[in-house]
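Asks: Sequence first, then the predicted structure:
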Amino acid sequence: MAHFVYIIYSEKNNSFYAGQTVNVEERLKQHNLAYYTGAFTKRADDWMLFWKLQCETKDQAALIESHIKKMRNKNYYNNLKKYPGISEALLLKYKTREFGLKFRQLVRFLLLNLLSIFFRRKTGFLMAGY
């Protein structure tokens with residue numbers, strides 16, 4: 001299932017909001033109808049889609065959303081829209097990070113198994129959990 005990161009804009013508030021979802025059109029309706037009572041977007045009802053980016057996974061979308069929210073800069077938001085290369089770079093950056101996390105988990109798993117085998121050969125006992 002595709003996940004999207006999006007930025008919406010309100011002319012009334014002259015403000016941007018970034019989020020992530022699987023259905024951008026439905027989520028935009030929710031923002032305009034103040035579906036979530038305590039939400040920042042409740043302050044306006046004229047939100048319009050400014051930018052969106054399709055991601056490979058929910059985790060990737062969450063990482064990119066977090067990156068964008070940390071920027072909190074209208075110039076950055078405008079540049080995302082103006083220069084597609086920035087979006088492509090974000091996809092690559094957070095794809096690599098996601099891969100890096102999985103790679104580290106794999107290395108840890110292999111090291112623990114090798115230690116377990118070594119310990120078993122030296123002592124004749126199994127390590128706990130192995």
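Replies: It's in. Numbering: from 1, shown residues only.
Asks: how close does residue 10 get to residue 42?
Replies: In this view, residue 10 and residue 42 are 11 Å apart by C-beta to C-beta, to the nearest Å. Where C-beta positions appear, they are placed from N, C-alpha and C, glycine not excepted.
Asks: Over to residue 11?
Replies: In this view, residue 11 and residue 42 are 16 Å apart by C-beta to C-beta.
Asks: higher neighbour count, those two?
Replies: For residue 11 and residue 42, the more surrounded residue by other C-beta atoms under 10 Å is residue 42, and the numbers stand at 13 against 10.
Asks: Reduced to three states, what does the residue lying closest to the more buried one once chain neighbours are set aside come out as?
Replies: Once flanking residues are discounted, residue 42 sits nearest to residue 34: 4.3 Å by C-beta to C-beta, 6 or more residues apart in numbering. For residue 34, the assignment made with DSSP: H, G, I helix; E, B strand; the rest coil gives coil.
Asks: dump the residue contacts of residue 34.
Replies: Residues in contact with residue 34, defined by C-beta atoms under 8 Å, 6 or more residues apart in numbering, are 41, 42, 45.
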